[in-house]
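Student: got a predicted structure here, sequence first:
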Amino acid sequence: MDWKSSRIDALLEQALVEDKAASDATTNVTIDPGLRASASILARQEMIVAGLGAVPRLLEIFARLDPRPPAHTRFEVISHPEIFDGVRVHGGQVLAVIRHNARVLLSCERVTLNLMQHLSGIATLTRQYVDAIQGTKARVLDTRKTVPGLRALEKYAVLCGGGTNHRLDLSSGILIKNNHIALGGGLRTALTHALERRQKGQRVQIEVRNAHELNEALECGADALLLDNMTPAQVKTAVDRIHEEKRWIPIEASGGIVLDNIRAYAEAGVDFISVGALTHSAKAADISMSIVAEPS
């Protein structure tokens, strides 16, 4: 992750602006402006870490927003070399220590924790899905079911958890879904138009829900197939049918897939399994921040 990219920079700045972090009324009237402190970011559960790189970047961006003297911008973020994004940690482990002006630490605490809790929660859930299909050829994909504005970070968290990114956005690939089929004149017409009109190098993937649609898609020359809302048994039958073709066709399963049944889908022989829950239903990881004054 390029934490200094313009997109991420704008996102992190907006998070601080939203919280009015540079106008922290409580901190400004209770904390000595010259007090230095150390903040320990602590994992309170077993989890996969994601978002550590945002910590120093948030402090750098806060310095741009903070009207106070430049002396308050001096900080140090210390972490163990074995703790980084994508690593599994146990409850009680310190993820990082920040030495900074106490007012700044307090003003940035909530935004820093919110981001790390959210991203680490996604990474942790993703790892559970990845672990559940270990030993099969299938890979776990994310979807576009993300919080508006946070997609780049959420998809990064999926990578931290061992998952694979699907399309980043609508321009990233052609995926013909049910509504495209309904509005585009039916499966054959929509798929034929897509194959004719695509740009060079674009793969055309289409969603199918039953054996009839699958056969239509294969007859029309689909490049990739998404088996939607099928049972593992139906997926296995579809995979066997697809393998009768004289070419390799990537096969993805999607819809109704949870931790309890994902392995059955993987063992049915698909190449990819997309799971919207990775980003839309991940529980925030339990992370806290303890701040203590440094000796004067």
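Tutor: Happy to help now that I have it.

Student: for F84, which three-state class applies?
Tutor: In three-state terms, and counting by DSSP: H, G, I helix; E, B strand; the rest coil, F84 is coil.

Student: state the distance from it to G53.
Tutor: Look at F84 and G53: by C-beta to C-beta, to the nearest Å, they are 9 Å apart. The way it works is simple: take the backbone N, C-alpha and C, and place the C-beta from them, glycine included.

Student: and whichever strand or helix holds M116, which residues are buried?
Tutor: M116 is part of helix 102-132, with elements assigned from DSSP states H and E. Residues of helix 102-132 classed as buried: 102-109, 111-113, 115-130, 132 (neighbour count, 16 or more other C-beta atoms under 10 Å).

Student: stretch 153-173 too?
Tutor: Buried residues in stretch 153-173, counting neighbours by 16+ other C-beta under 10 Å, are found at 153-164, 166-167.

Student: dump that stretch to PDB, restricted to CA.
Tutor: C-alpha atoms of stretch 153-173 as PDB (Å, rounded to 0.1, in the frame of the first residue of the first chain):
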ATOM      1  CA  LEU A 153      -8.200   0.400   2.100                       C
ATOM      2  CA  GLU A 154     -10.700  -2.500   2.500                       C
ATOM      3  CA  LYS A 155      -9.300  -4.300  -0.500                       C
ATOM      4  CA  TYR A 156      -5.800  -3.800   0.900                       C
ATOM      5  CA  ALA A 157      -7.000  -5.400   4.200                       C
ATOM      6  CA  VAL A 158      -8.200  -8.400   2.200                       C
ATOM      7  CA  LEU A 159      -4.700  -8.800   0.800                       C
ATOM      8  CA  CYS A 160      -3.300  -8.600   4.300                       C
ATOM      9  CA  GLY A 161      -5.600 -11.500   5.200                       C
ATOM     10  CA  GLY A 162      -4.400 -13.700   2.300                       C
ATOM     11  CA  GLY A 163      -7.300 -13.000   0.000                       C
ATOM     12  CA  THR A 164      -7.300 -11.900  -3.600                       C
ATOM     13  CA  ASN A 165      -8.700  -8.700  -5.000                       C
ATOM     14  CA  HIS A 166     -11.500  -9.000  -7.600                       C
ATOM     15  CA  ARG A 167     -12.400  -5.900  -9.700                       C
ATOM     16  CA  LEU A 168     -11.400  -2.700  -8.100                       C
ATOM     17  CA  ASP A 169     -14.100  -0.800  -9.900                       C
ATOM     18  CA  LEU A 170     -16.500  -1.000 -12.800                       C
ATOM     19  CA  SER A 171     -13.800  -0.100 -15.300                       C
ATOM     20  CA  SER A 172     -11.500  -2.900 -14.200                       C
ATOM     21  CA  GLY A 173     -13.200  -5.700 -16.100                       C
END
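
Student: can you give the distance of stretch 165-175 from its chain's centre?
Tutor: For stretch 165-175, the separation from the chain centroid amounts to 14 Å (computed by C-alpha atoms, centre = their mean, to the nearest Å).

Student: where does the stretch 151-296 of the chain dip in pLDDT?
Tutor: Applying pLDDT under 70 to the stretch 151-296 of the chain picks out no residues at all.

Student: so where do the strands sit in it?
Tutor: For the stretch 151-296 of the chain, the strands defined by DSSP state E, counting those that start in this stretch occupy 174-176, 204-208, 224-228, 251-254, 272-274, 287-293.

Student: go through those strands and name the closest to I8.
Tutor: strand 287-293 (19.8 Å; C-beta to C-beta).

Student: helices or strands up against that closest one?
Tutor: Judged by 3 or more C-beta pairs under 8 Å, 6 or more residues apart in numbering; DSSP states H and E, strand 287-293 is in contact with strand 36-43, helix 102-132.

Student: got JSON lines for those, with distance to C220 and mean pLDDT too?
Tutor: As requested, the helices and strands packed on strand 287-293 are exported to JSON lines (distance: least, C-beta to C-beta, whole Å; pLDDT from 0 to 100):
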{"stretch": "strand 36-43", "distance to C220": "50", "mean pLDDT": "97"}
{"stretch": "helix 102-132", "distance to C220": "32", "mean pLDDT": "97"}
